[in-house]
Structures are given as structure tokens and as C-alpha cells.
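**Q** What follows is a protein structure lacking sequence information:
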Ligand SMILES: [Zn+2]
């Protein structure tokens, strides 16, 4: 698996993944099924095709195939679908997560531009409102 830029990894972990679920990313896999407990997911492996051997773990952004042993992360899966085009995968995952900017702060197809803010502040993290880990003041 190709190594991601640290900035991209940080963006995914902090801003994108909290908005996503296995269903949103892997829901189109053949055989996608949620277990009765609702806490684990499986599907046919997108790489080796083995039926029902691709498991997605709760609280993790990856699935792993019990047959071929491949581990596939959410972003890696989208990049695979976009034929290795990282920029398209970034746009896609941002859309799925419902956020406006990519890892470099650029606006992505949501009708918001830097101009509407009236200053030069990088968009990046300012337009998002995520629950904070900080205690309320
Ligand atoms: Zn497999």
C-alpha cells in the first residue's frame, strides 16, 4: 500500500473519518452485510473475490480479508476505485463526508470559495464544526 502524505493522513483522521462509516465506503461491495449485532460488517473481498471473507472492524477505518490477507483502508479503497488517482479519491471522500475542503485547504466543488470569507485565511479547518475533545469552558 502506498504511503500517504502526513498531511493527508492527518486530514483524513481528524476531519474525514469521523463522518464516515463502513457502509458509506464499502457499502457497494458485492455481498456487503451487516452482522445482526450491527457492530461488524463483511463482504466479498474486493481483491481476491472470496465470498464473505472481507471483514470490517468496528472503530477502525479498514477491512481485512481472511483469505488473501489484504488490509484495505477507506481511503485506499476509494483510490483503488479511482484507478490510483489520489486527487479524485480526496474529492470523493470529502463529498462522502460532507466537508468542503481537502487536506491542503482548497475548496472542493461545494460552492464555497475563499472570496466569500472576505479574507485570506486558509479555509482548511475553519469551516468545520466537529465536536471537540476539549472540556467546555
Ligand atoms: Zn481477499
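**A** Received the coordinates, thanks. None of the values given here were measured: they were computed from a predicted structure.
**Q** Can you pull the residues of this protein lying near the ion?
**A** 45, 47, 48, 65, 67, 68 (C-beta under 5 Å from the ion). Using the backbone N, CA and C atoms, a C-beta is placed for each residue, glycine as well.
**Q** And the protein, split by domain according to the record?
**A** The chain breaks down by automatic domain parsing into domains covering 19-98, 100-130.
**Q** For the last one, give the mean pLDDT please.
**A** In this model, domain 100-130 carries a mean pLDDT of 54.
**Q** The residue lying closest to residue 44 once chain neighbours are set aside: neighbouring residues, count only.
**A** Excluding the flanking residues, the one nearest residue 44 by C-beta to C-beta, 6 or more residues apart in numbering is residue 31, at 4.0 Å. Using other C-beta atoms under 10 Å, residue 31 is surrounded by 14 other residues.
**Q** and the gap between residue 31 and residue 50?
**A** Distance, residue 31 to residue 50, using C-beta to C-beta, to the nearest Å: 10 Å.
**Q** Do a quick rundown of the strands in the protein.
**A** For the chain, the strands defined by DSSP state E cover 33-34, 41-43, 54-56, 62-65, 71-73.
**Q** and these as a markdown table, adding mean pLDDT, distance to residue 94 and mean neighbour count?
**A** Listed next are these as a markdown table, based on pLDDT from 0 to 100; distance: least, C-beta to C-beta, whole Å; neighbours: other C-beta atoms under 10 Å:
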| stretch | mean pLDDT | distance to residue 94 | mean neighbour count |
| --- | --- | --- | --- |
| strand 33-34 | 94 | 25 | 14 |
| strand 41-43 | 96 | 23 | 22 |
| strand 54-56 | 96 | 21 | 23 |
| strand 62-65 | 96 | 19 | 20 |
| strand 71-73 | 96 | 16 | 17 |
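**Q** Reformat those as a markdown table; add distance to residue 4.
**A** Output for the strands of the chain, formatted as a markdown table (distance: least, C-beta to C-beta, whole Å):
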| stretch | distance to residue 4 |
| --- | --- |
| strand 33-34 | 28 |
| strand 41-43 | 23 |
| strand 54-56 | 19 |
| strand 62-65 | 13 |
| strand 71-73 | 9 |
